[in-house]
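**Student:** output the structure for:
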Amino acid sequence: MKEENKGHFSALLPLVTFVLLFIGAGLVTGDFSSMPLLVAAMIASIIALAMNRKEKLPEKVTIFTEGAGHSNIILMILIFILAGAFAETAEGMGAVESTVNMGLTFIPENFLLVGLFIVGCFLSISMGTSMGTVAALAPIGIGFAEQLGIPLAFVMATVMGGAMFGDNLSMISDTTIAAVRTQHTNMSDKFKTNFFIVLPGAVLAAILLFIINYGNHAAGNGTYSFDFIKILPYIAVLIAAIAGVNVLVVLTGGILLAGLIGLFDGSYTWLTMVETISQGGLSMAEISFVVLLIGGMIGIVKHNGGIQWILYAVTNKVRTKKGAEFGIAGLVSAADIATANNTISILITGPLAKNIADEYEIDPRKSASLLDIFASFWQGLLPYSPQILIVSALAGISPLSMIPYSFYTIAIGVCGIVSILVGFPRFKKTQRN
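**Tutor:** Here you go, the predicted structure:
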């Protein structure tokens, strides 16, 4: 690789600053909410704009705004707003309480977390997005946590695990589409390869959830009342997801259905319904601002050669086939840590991963799976990833508090590493597309 293609480590300073401010303040104070994400993102963005004196400020501002205005960033913000509105509207008319009580009535208490994880897996693989999954299931999980006396972070990590299952595997997931297209393979082959790699992780996570939750009992006398009609918004979301409806349509429909049911049973008036929808959307304002600033900051980091430095650093020492597979895993991992966006990280590293796969005769089904697995692994653990941010915001907890309970997310990373070490799966013939 030519010298001019090595990139510049110094370009990563804004990102390093953001992470250190966010995590460092928590380590010093013992409170990981002591440093507001918005303030950390603002400081890092200012540093990004102050770098690279070769360009004038208006030019740097243009780069920043193009990064902030990327279609993926805007889509995330739309999902944030709709997710907040849906969660608030459904909760306001009693959907969460009824859903929790129905679960406590029909599902044995020892299986509630396992059931929540499986529903999350099913919903995310049908919907193709972890964002929509956590938006639909987080309110239900919060209710379970309150009734069972389980740490809220534990339940939210369970929701995240189910969400990342489908984000990694769904045939309509952006990450799957990006991985398949960049590696020149097809959806069904990638799905089969990826599924068998991560299946042990899903089984292990379900077993751990059952063992840890075994013996927990809900508070109260064991009698729980619920109104089935109030649960319809969540059922509608599930059905729409199965049908492959766009997540924006799913969430909008959920908001309207929850609002209409609330009007019908007297939970809302027209005025209170509109106010609730507005409050729910506005509750996601801070996260939306943070995502905008991070998008702009990453735009400047990429322009200044930070992403290119990561690509060079990861691939410079590759010598063997296993080393190449670890290189692909490290490549997308580094990109996801830098961008906090698994789709963008795959799109950035996919072409280079394809070159590595071709050079070391790695089957494209395997390279596509590695890209998706390790991007999802980091996306489900980074305390500043959009998925973690939205879950922590809905639950009112620190993003870092979920990490010790992220059984499935950690398991898929382990499964990915084991698949490289043992050469699994074995292909009869290398696929060429």
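**Student:** C-alpha only now, for contacts and for neighbours.
**Tutor:** Fine.
**Student:** surely L282 meets L82?
**Tutor:** No. Applying CA atoms under 8 Å as the test, L282 and L82 come out as separate, 9.8 Å apart.
**Student:** show me which of the two is the more surrounded one.
**Tutor:** L82 (28 against 17; other CA atoms under 10 Å).
**Student:** and that one, what does it touch?
**Tutor:** L248, L251, T252, I255, G281 (CA atoms under 8 Å, 6 or more residues apart in numbering).
**Student:** any stretches of the stretch 51-200 of the chain with poor pLDDT?
**Tutor:** Along the stretch 51-200 of the chain, segments meeting pLDDT under 70 span 53, 100, 103-104, 109, 126-128, 172.
**Student:** quick one, helices of the stretch 251-400 of the chain?
**Tutor:** Ranges of helices in the stretch 251-400 of the chain, per DSSP state H, counting those that start in this stretch, are 270-282, 285-303, 306-315, 321-339, 342-359, 364-379, 386-395.
**Student:** got the angle between the fourth one and helix 306-315?
**Tutor:** With axes from the mean of the first three to the mean of the last three CA atoms, to 10 degrees defining the directions, helix 321-339 sits at 160 degrees from helix 306-315.
**Student:** and if you look at the first one?
**Tutor:** Going by the same axes, to 10 degrees, helix 270-282 is angled at 60 degrees with respect to helix 306-315.
**Student:** contacts for helix 270-282?
**Tutor:** 80-89, 92, 255, 259, 262-263.
**Student:** before we move on, back to that, mind putting the contacts of L82 in JSON lines, distance to K6, pLDDT and neighbour count included?
**Tutor:** Compiled in JSON lines, the contacts of L82 are given as follows (distance: CA to CA, whole Å; pLDDT from 0 to 100; neighbours: other CA atoms under 10 Å):
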{"residue": "L248", "distance to K6": "40", "pLDDT": "83", "neighbour count": "15"}
{"residue": "L251", "distance to K6": "43", "pLDDT": "83", "neighbour count": "27"}
{"residue": "T252", "distance to K6": "45", "pLDDT": "90", "neighbour count": "17"}
{"residue": "I255", "distance to K6": "48", "pLDDT": "91", "neighbour count": "23"}
{"residue": "G281", "distance to K6": "43", "pLDDT": "89", "neighbour count": "22"}
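**Student:** so which residue is dead centre in the protein?
**Tutor:** The residue lying closest to the centre of the chain (CA atoms, centre = their mean) is Q387, at 3.7 Å.
**Student:** now the closest residue to it other than its chain neighbours: how far from A44?
**Tutor:** Nearest residue to Q387, sequence neighbours excluded (CA to CA, 6 or more residues apart in numbering): M131, at 5.8 Å. To A44, M131 is 25 Å away according to CA to CA, to the nearest Å.
**Student:** the helices of the stretch 251-400 of the chain: which one's closest to V155?
**Tutor:** helix 386-395 (9.9 Å; CA to CA).
**Student:** and the helix or strand that comes right after that closest one, what does it pack onto?
**Tutor:** Downstream of helix 386-395, the next assigned helix or strand under DSSP states H and E is helix 407-422. Secondary-structure packing of helix 407-422 (3 or more CA pairs under 8 Å, 6 or more residues apart in numbering; DSSP states H and E): helix 152-169, helix 187-213, helix 321-339, helix 364-379.
**Student:** out of these, nearest to T29?
**Tutor:** Closest among the helices and strands packed on helix 407-422, using CA to CA: helix 152-169, at 19.8 Å.
**Student:** summarise which helices and strands the helix or strand following that closest one is packed against.
**Tutor:** Later in the chain than helix 152-169, the nearest helix or strand by DSSP H and E is helix 174-183. Using 3+ CA pairs under 8 Å, 6+ apart, the elements in contact with helix 174-183 are helix 152-169, helix 187-213, helix 342-359, helix 364-379.
**Student:** all helices of the stretch 1-150 of the chain, in order?
**Tutor:** 13-29, 37-50, 57-68, 71-92, 95-106, 112-127, 130-148.
**Student:** what angle separates the first one from helix 37-50?
**Tutor:** Direction vectors for helix 13-29 and helix 37-50, defined by the same axes, to 10 degrees, enclose an angle of 150 degrees.
**Student:** just the CA coordinates of helix 13-29, formatted as PDB?
**Tutor:** Taking C-alpha atoms only, helix 13-29 is exported to PDB below (Å, rounded to 0.1, in the frame of the first residue of the first chain):
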ATOM      1  CA  LEU A  13      -8.600  12.700  17.800                       C
ATOM      2  CA  PRO A  14     -12.200  13.800  17.800                       C
ATOM      3  CA  LEU A  15     -13.500  10.300  18.100                       C
ATOM      4  CA  VAL A  16     -10.900   9.400  20.800                       C
ATOM      5  CA  THR A  17     -11.900  12.600  22.700                       C
ATOM      6  CA  PHE A  18     -15.600  11.700  22.500                       C
ATOM      7  CA  VAL A  19     -15.100   8.200  23.900                       C
ATOM      8  CA  LEU A  20     -12.700   9.400  26.600                       C
ATOM      9  CA  LEU A  21     -15.000  12.200  27.700                       C
ATOM     10  CA  PHE A  22     -18.000   9.800  27.900                       C
ATOM     11  CA  ILE A  23     -16.300   6.800  29.600                       C
ATOM     12  CA  GLY A  24     -13.500   8.700  31.400                       C
ATOM     13  CA  ALA A  25     -16.000  11.000  33.300                       C
ATOM     14  CA  GLY A  26     -17.900   7.900  34.500                       C
ATOM     15  CA  LEU A  27     -14.700   6.200  35.700                       C
ATOM     16  CA  VAL A  28     -13.600   9.300  37.600                       C
ATOM     17  CA  THR A  29     -17.000  10.200  39.200                       C
END
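**Student:** packing partners for it?
**Tutor:** helix 37-50, helix 285-303.
**Student:** go on, the fifth one?
**Tutor:** Other helices and strands packing on helix 95-106, by 3+ CA pairs under 8 Å, 6+ apart, are helix 130-148, helix 228-242.
**Student:** okay, the ones you listed in CSV with mean neighbour count and distance to M297 next?
**Tutor:** Formatted as CSV, those follow (neighbours: other CA atoms under 10 Å; distance: least, CA to CA, whole Å):
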stretch, mean neighbour count, distance to M297
helix 130-148, 24, 22
helix 228-242, 19, 33
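**Student:** now the ones you listed in CSV, with distance to G327?
**Tutor:** Output for those, formatted as CSV (distance: least, CA to CA, whole Å):
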stretch, distance to G327
helix 130-148, 26
helix 228-242, 35
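**Student:** looking at those, which is nearest to P383?
**Tutor:** helix 130-148 (14.9 Å).
**Student:** low pLDDT regions in the stretch 301-433 of the chain?
**Tutor:** In the stretch 301-433 of the chain (pLDDT under 70), the answer is 314, 429-433.
**Student:** try it again with 50
**Tutor:** 430-433 (pLDDT under 50).
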